[in-house]
Every structure is written in structure tokens, then in C-alpha cells.
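1. coordinates for the following, if possible.
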Amino acid sequence: MIIEKQIFPRDKICGDALSGKVVSELNKIDPAFIKEIAVNTNDNSGSYGVRFYSPQGKMLDVPFSNNPEKLKHAPGFISPRLKFDNFLFSKADPEFADIRQNTSIENIIRKNNRLQVTINKNGQISEDEFDIVVGAEGDRSIVGKELSGDKKENEHYCAGLRVYYENVSDSHPDNFIELHFLKELLPGYFWIFPMNDGRVNVGIGMLSSYVSKRKVNLKKSLEEIIASHPTISKRFKNAKAITPIQGWGLPLGSVKRKISGSNFLLVGDAGSLIDPFTGEGIGNALVSGRIAGETIVKAMAAERFDSEFLYSYHKNVYSQLESEINLSHKMQKLARYETLFNFVVNKAIRNQTLRETITCMFEDLDIRARLKKPSFYFKLLFNKP
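-> Model (predicted):
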């Protein structure tokens, strides 16, 4: 049974960026999926890199690939979640699942080594028992709250806002996503993600601990940046907001959570698997979803739904993601130091080897690992461009 609280197509507050990891995971399901996304330019925009702005305002362009001309399609995409989630939902075959939209979970309790779930569909209450329940409901997961017992801390939680604009000027011709690491937002950032139809996804994100400590009004900060930032505001001179500003919480993977137990698994944001540095969550959600599917097949075959057996899911997810998440957490901590951030960006602007290293880090964890080593910054300091 698949339970969806809303009715597709439905929106999800997000930056809308599909990383190379998303492309890789979708290819594992069916290579035809990415081909379909790539040719549907009405809904999806190919993205070929990221444009960083340091706190000093210096710009650094980093392509996602050193050989874009050899690619069969863009290495990443910008796809509104209204469209992307509906695309994924359209691939769900009702032959294999009882799909219930406009349906919510009211309660979960243990009963005879199973989970009894109280389900509400249009006011009609029913109770069903399941061997396994997968929490995939994001930040406000009822499954996670009721079964894992984990509580979110501000140091490992990010507050984000999103709004769509039209007629924003001077986006990169190859749809590079933009991350503006403004001094007042560190270790968070302001983003501009362009789309083919002339719209842009604009947003702001900051660690909740910093929002609380600095008493930041994120909505006011977002509006002030768009209205009065020395360079950003010029690009919004003729722009118009076409949606209201909306906010959501991002549970970061910077602390290891309990994502499995007797009769349950947590995937994606419900398991707090968001990248602590970039705030990207779709890729890790797909990875955890794949591993959850593999685990469920084994559990059904063995007729084992206890915490010991399902712990293999927890181990496999962190085996694949933990090193990357830990590195991202270290990078997030580095981003809190304005001087260091400016130094790395300024050096990269002048140093082709460093720019290529940053490009490679998007796909190569071993190269990305250099960024946490003191020797990396020693070489930056003393090597000539």
C-alpha cells in the first residue's frame, strides 16, 4: 500500500535541483527515465555546473563535467518538484501496490509483532496491519516520530525559504545553478536556479541554530537581498514574484539517526539524510529508497521483520552515504569562516588545477576528501597558480 496525503500533481518546497547522484540512481531503475526527462524541456532544464559567489562577491564557475561535449545529456537538471514528483508517481504500477491518494496516517501502534496503522481517507477511518512500514513523508514524518524516537536539534537542522520569479536577468547561458555565500548568511546561502521557461527558483537557507542565535527573520532577509543587495538586486530590477514565499525544514545528515527498527524503515528526509553542505536531499532519498526496496525483498523472503534483521538497511545506507555526509559536514563548518572561504574561491579563480579538482569532487569522493586535509590548504597557500 502506498499512502499519499495529497493528490498528484502536488508541490514540494525545494530548490528543484537534480544532482548527478539523482541521474545515476534513476539510471539504475531504468535508463529510459533520464532520457524522458532530458527531452522534456518544457518541464526540465539541463544544468551543466554551479556558479559560486564568495562572501567578497567574487564569482567562480565550476562545470559538472570537464568534457561536457562528450555527454549524452546534461549531468544535472532543474525540475520543479510539482513536475518531477508527478513524473516519478506516474511510474508507479497499480498492479503492484494499492495506491491511496488524499489519505493520511492518524496513528501507528504495535500489535502482535506487526504495526497497526490508522488510516484516514476523506474522513473514512480504517485500520490495517503491516509487516513493514516505510516512512517516506519527509521532515514531519509520523513514522519517524512514533517509531524511531529521534528528536531534531537546531545544529543539525536547516530552515529554508523558496519563491519563484520571472524575468530575472543575467543567468548563466548553460543554466549553472548559483550559490551566493553572503556574509550575513554563513554557513548558509542564497540561491538562484534557472529554468528553461524563463522562471527561476530563488531561495535562502541557514542553519536553524544560527537563525535562533542571530534572531534572523529569513523572509525579511530574502526580501532585502532581492531589493537592495549591490549586485543581486540589479538582476531583479524587472523581475516579478509569481508565487508566495514558502518555507520548510531540512533535517540534515550531520548527525547519525536511527533509520530502522522492528517493522519500520525511514528513507530520505524522514531519515534526516540531507547533505549538510549543499542542502540537497533528492539524491540521498533515492539511494535510501533503493536500499529500502532491496532490504524489503530480503525481509519478505526470510519472513524477518525484527530490528536485528532490518538493521542491515541502516548499515547499508550509512555504508554508502556516511563518508560523503561527514565530508559535507566538515565543509559546512569550513564555510562558517568567511576569510577561509574567500581565500579558497580567490585561489580557485586563478588556479586551473584547483578548479578541475572542485569539478571532479562532484562525482569523486576521494578527490572531495582532499578538502578536509590541512595539506590541501598548505599547497593552496604556497603553490603558484
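
2. SS state for the nearest residue to S148 once chain neighbours are set aside?
-> Closest residue to S148 apart from its sequence neighbours, by CB to CB, 6 or more residues apart in numbering: K258 at 4.7 Å. For the C-beta atoms, the positions are set from N, CA and C on the backbone; glycine is no exception. Here K258 is recorded as coil under DSSP: H, G, I helix; E, B strand; the rest coil.

3. so K258 makes contact with D150?
-> Yes: between K258 and D150 there is a contact at 5.7 Å, judged by CB atoms under 8 Å.

4. what bridges to C158?
-> L207, L250 (DSSP bridges).

5. isn't it up against I274?
-> Yes: between C158 and I274 there is a contact at 7.5 Å, judged by CB under 8 Å.

6. so which of those two has more stuff around it?
-> I274 (28 against 24; other CB atoms under 10 Å).

7. residues in contact with the helix or strand containing R110?
-> Assigned by DSSP states H and E, R110 belongs to strand 103-111. Residues outside strand 103-111 that contact it (CB atoms under 8 Å, 6 or more residues apart in numbering): 3-5, 115-121, 125, 129, 133, 137, 142-143, 146-147, 262-263.

8. after it comes which helix or strand?
-> That would be, after strand 103-111 and using DSSP H and E, strand 114-121.

9. name the helices or strands packed onto that next one?
-> strand 103-111, strand 124-130 (3 or more CB pairs under 8 Å, 6 or more residues apart in numbering; DSSP states H and E).

10. okay if I get these as TSV plus distance to I349 and mean pLDDT?
-> Below are the helices and strands packed on strand 114-121 laid out as TSV (distance: least, CB to CB, whole Å; pLDDT from 0 to 100):
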stretch	distance to I349	mean pLDDT
strand 103-111	50	95
strand 124-130	55	96
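
11. tell me how far the residue lying closest to F236 once chain neighbours are set aside lies from V202.
-> Excluding its sequence neighbours, the residue lying closest to F236 (CB to CB, 6+ apart) is I226, at 5.0 Å. Per CB to CB, to the nearest Å, I226 is found 7 Å from V202.

12. looking at the two, which one has more neighbours?
-> V202 (27 against 21).

13. count residues in the vicinity of A239, would you?
-> 16.

14. all helices for the stretch 1-150 of the chain, in order.
-> Taking DSSP state H, counting those that start in this stretch, the helices of the stretch 1-150 of the chain run over residues 20-29, 31-39, 81-90, 142-143.

15. can I get the second one in CSV? Just the C-alpha atoms.
-> Read it as helix 31-39. Once non-C-alpha atoms are left out, helix 31-39 reads as follows in CSV (Å, rounded to 0.1, in the frame of the first residue of the first chain):
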residue,chain,number,x,y,z
PRO,A,31,17.8,4.4,-18.2
ALA,A,32,14.7,5.5,-20.1
PHE,A,33,13.7,7.7,-17.2
ILE,A,34,16.6,10.2,-17.7
LYS,A,35,16.1,10.1,-21.5
GLU,A,36,12.5,11.1,-20.9
ILE,A,37,13.5,13.9,-18.5
ALA,A,38,16.1,15.2,-20.9
VAL,A,39,13.9,15.5,-23.9
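
16. please renumber the chain so that the first residue is 35 from this point on.
-> In the new numbering, first residue 35, that becomes helix 65-73.

17. taking helix 54-63 as reference, get the angle to it.
-> Here helix 65-73 runs at an angle of 130 degrees relative to helix 54-63 (axes from the mean of the first three to the mean of the last three CA atoms, to 10 degrees).

18. now for helix 65-73, which elements pack on it?
-> helix 54-63.

19. list the buried residues in the helix it packs on.
-> When burial is assessed from 16 or more other CB atoms under 10 Å, helix 54-63 yields the following buried residues: G54, K55, V56, V57, E59, L60.

20. and the contacts of stretch 48-61?
-> Residues from elsewhere that reach stretch 48-61, judged by CB under 8 Å, 6+ apart: 67-68, 71, 81, 98, 109-115, 118, 194, 196, 211, 225, 227, 229, 235, 237, 282, 313-318, 320-321, 324, 396-397.

21. so which of those residues are in strands?
-> Residues of the contacts of stretch 48-61 located in strands (DSSP state E): S81, G110, F111, I112, G194, R196, I211, W225, F227, N235, G237, W282.
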